[in-house]
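Peer 1: Here is the input, now give the coordinates:
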Amino acid sequence: DIKKHSFVPSEDEVLLLPARQFQVTSCLDSGNGLHIVQIKEIKPQYDLLEPVPVSNLSVQPKKSLQGKSTTITGAMGGQFAAMQLQPQTKSK
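Peer 2: Got it, this is the predicted structure:
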């Protein structure tokens, strides 16, 4: 529900996520510059957004590294190594 964030809260507005694709099913010119367009969502040939794996892991620095500066890859290496690719993920 996005009514709290809408410029006109009384309208039934919908937040469309990125990479959604639609097909126009009909158009109607109501006059005075008002056009009514009916659309339906279609499944794209290729998934444009992949599901993001959710991990409950938290990154904890090793005691031997405390007090030393580390790179991002060093601090995040354990989390990157623990990530699993989803079966529907396509190689690029």
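Peer 1: drop to CA atoms for contacts and neighbour counts, all remaining ones
Peer 2: OK.
Peer 1: what's in contact with stretch 27-41?
Peer 2: Judged by Cα atoms under 8 Å, 6 or more residues apart in numbering, the contacts made with stretch 27-41 from elsewhere in the structure are 20-26.
Peer 1: Of the residues you listed, keep whichever come out buried.
Peer 2: Of the members of the contacts of stretch 27-41, none is counted as buried by neighbours, 16 or more other Cα atoms under 10 Å.
Peer 1: and of those, the nearest to Asp1?
Peer 2: For Asp1, the closest of those turns out to be Arg20, at 18.5 Å, with distances computed as Cα to Cα.
Peer 1: what is the nearest residue to that closest one once chain neighbours are set aside paired to in the beta sheet?
Peer 2: The spatially closest residue to Arg20, leaving aside those adjacent along the chain, is Glu41, at 7.3 Å (Cα to Cα, 6 or more residues apart in numbering). With DSSP bridges as the criterion, the beta-bridge partners of Glu41 are Phe22.
Peer 1: quick one: the helices in this protein?
Peer 2: When assigned using DSSP state H, the helices of the chain occupy the ranges 72-82.
Peer 1: lowest-pLDDT helix or strand in it?
Peer 2: Among the secondary structure pieces of the chain, namely its helices and strands, helix 72-82 has the lowest mean (mean pLDDT, DSSP states H and E), a mean of 48.
Peer 1: Please read off the pLDDT at Phe22 from the model.
Peer 2: Phe22 carries a pLDDT score of 92 in this model.
Peer 1: Contact partners for it?
Peer 2: For Phe22, the residues meeting the contact criterion (Cα under 8 Å, 6+ apart) are 39-42.
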